[in-house]
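>>> Sequence unavailable; structure follows:
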């Protein structure tokens, strides 16, 4: 078994101190984007015990009036991608046209979508437990021009 040289030991100590310093600085000053040297707040915080819990979905209405669930299987677009871009959809509802186009590509024989919307179902929570009640909020809506 070989012993570590002074230079090797010093290098390891410097690397350890640098890593520890980055972790400490990230914990105090960092944001989620700085992970793994910053906190990942998704796992370090929780909403108040009585705050409603959101469940976001995308739905469409075809030209026959049928309501269509526009999840990943229907469009190829993951819900996380929609939720991550939700502010951009709200700012520019015409972006939801892309969801309608993705649906049309996967379902060429289906009736055309005339409306796409992002809906948030707010589940009631009381003292950390579901109440069984909910309300739906349409966050953004796109309608095809006729």
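Sure, I can see it. Just so it is clear, the model here is predicted, and its values are computed rather than measured. Numbers count the residues shown, from 1 in each chain.
>>> and residue 50, what does it touch?
125-127 (Cβ atoms under 8 Å, 6 or more residues apart in numbering). For the C-beta atoms, the positions are set from N, CA and C on the backbone; glycine is no exception.
>>> Return the closest of these with respect to residue 25.
Each of those was checked against residue 25 using Cβ to Cβ; the closest is residue 125, at 35.4 Å.
>>> Quick check, that closest one in contact with residue 55.
No. Contact between residue 125 and residue 55 fails when scored by Cβ atoms under 8 Å: they sit 11.9 Å apart.
>>> Look at those two and report which has more neighbours.
The residue with more neighbours, out of residue 125 and residue 55, is residue 125; 17 against 13, by other Cβ atoms under 10 Å.
>>> Report the beta-bridge partners for that one.
Beta bridges link residue 125 to residue 130 when assigned by DSSP bridges.
>>> could you give the mean pLDDT of stretch 127-146?
Average pLDDT, stretch 127-146: 92.
>>> And it, what's buried?
139-140, 142 (16 or more other Cβ atoms under 10 Å).
>>> Turn the residues you listed into JSON lines, including secondary structure and distance to residue 79.
Below are these laid out as JSON lines (DSSP: H, G, I helix; E, B strand; the rest coil; distance: Cβ to Cβ, whole Å):
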{"residue": "139", "secondary structure": "strand", "distance to residue 79": "13"}
{"residue": "140", "secondary structure": "strand", "distance to residue 79": "15"}
{"residue": "142", "secondary structure": "strand", "distance to residue 79": "17"}
